[in-house]
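Visitor: Can you look at this prediction? I've put the sequence above it.
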Amino acid sequence: MDRSPHLALSPEQSAIIDWFATNARDLPWRAAECTPWGVLVSEIMLQQTPVVRVLPRWQEWLERWPTPAALAAEPSGEAVRAWGRLGYPRRALRLHAAALRITEEYDGEVPGTVAELKSLPGIGDYTAAAVAAFAFGVRATVVDTNIRRVEARLFSGLALPAPTLNAAEMALAESLLPLEATNSVRWNAASMELGALLCTARSPQCALCPVRASCAWIAAGEPEPIYRPKGQPWAGTDRQLRGAVMAVLRATDSPTPWDMFFTEPVLIGDAELSRSLRHLHALESENSRLERILQDLLQEGLAQRSAAGLSLPG
DNA sequence: AAACCGTGGCC
DNA sequence: TGGCCAAGGTT
């Protein structure tokens, strides 16, 4: 009662936070007993990856490596292998590197400030703010794709946020962040969840939205997006080839003979992967591209070479 | 700044 | 069916 006026939430913010209180998903990294390490692992896994795909991997990781020190004690290749098919395996490598830094420089405790978190590999603006807010209760401006979309529609009347995060969006997000820490965390989590569950990129469920009456996008007549998102090609790309090679390396503990990547048939892993790699190889009149890909993977530390062939670092 | 980096599900 | 999308980071 009787709070200072400048600490008050706007009606829209109160409505979204109230909606979150009864509609939030029961995700394990939101549990009270979840450690900062658990939050950090979840945030890395969730980068560009749907929740449903993350859930089983996150459970496995936290059981196997309940602390940063536990992960740091194993070779990075184990992290990459346990990453499974989450995609962007560099995330696993960087998370392992972050665990090493946390173990050595922070006595095994995940740091709790945005600046410290951002200095760790694989942690950028979003993840640093998210871990600080959700694991430590820090007032930090969390801006992810969901929050950007919610704020673009609700306050800017746009169908979608800009192609890349810009200064105006950041300023808007900062101006909206509640001053009091607990409320700021609630706002971050609630606006993100609204974007994930109702205010979705396609077919938003406005009928269920707690702030539909004050939504600038609805008021404007739900205009179409101003731009056309750039699609990312896949078939025949380096990414597809890298993915196929990584799948082969993940599937076995023993090094894959180097020549096996250039000769047919590739009989490692399951049949689907074998077909995939053979197909890609057949498309190449030269092997220079595959050679380059393998060198890239070696240089990045996603793979290591030995006399016996190529394998995950171990 | 724009391109690159995996994967799979959905309409 | 295939383009779009998913709690981004790095160069």
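Guide: Received the coordinates, thanks.
Visitor: what comes into contact with the strand or helix carrying A:Trp19?
Guide: Secondary structure from DSSP states H and E places A:Trp19 in helix A:11-23. Contacting residues not belonging to helix A:11-23 are listed as A:9, A:154, A:176, A:178, A:183, A:186-187, A:189-191, A:193-194, A:197, A:210-211, A:214 [Cβ atoms under 8 Å, 6 or more residues apart in numbering]. No exception for glycine: its C-beta is placed from N, CA and C like everyone else's.
Visitor: Go again with 10 Å.
Guide: Identification of contacts with helix A:11-23 by Cβ atoms under 10 Å, 6 or more residues apart in numbering yields A:8-10, A:150, A:154-155, A:176-178, A:183, A:186-187, A:189-194, A:197-199, A:208-215.
Visitor: Check stretch A:45-55 too.
Guide: A:25, A:27-29, A:41-44, A:57-58, A:61, A:83-88, A:91-92, A:95, A:122-124, A:126-127, A:130, A:144-145, A:196.
Visitor: average model confidence for the helix holding A:Trp19?
Guide: Helix A:11-23 shows a mean pLDDT of 98.
Visitor: As CSV, could you dump the C-alpha coordinates of it?
Guide: This file holds the C-alpha atoms of helix A:11-23, laid out as CSV (Å, rounded to 0.1, in the frame of the first residue of the first chain):
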residue,chain,number,x,y,z
PRO,A,11,-2.0,-1.1,-16.3
GLU,A,12,-0.6,-3.1,-19.2
GLN,A,13,2.4,-4.4,-17.2
SER,A,14,0.1,-5.3,-14.3
ALA,A,15,-2.2,-7.2,-16.6
ILE,A,16,0.7,-9.1,-18.2
ILE,A,17,2.3,-10.0,-14.9
ASP,A,18,-1.1,-11.1,-13.5
TRP,A,19,-1.6,-13.3,-16.6
PHE,A,20,1.8,-14.8,-16.1
ALA,A,21,1.0,-15.7,-12.5
THR,A,22,-1.7,-18.1,-13.6
ASN,A,23,-0.5,-19.1,-17.1
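Visitor: Counting neighbours, which bits of it end up buried?
Guide: Across helix A:11-23, burial judged by 16 or more other Cβ atoms under 10 Å covers A:Glu12, A:Gln13, A:Ser14, A:Ala15, A:Ile16, A:Ile17, A:Trp19, A:Phe20.
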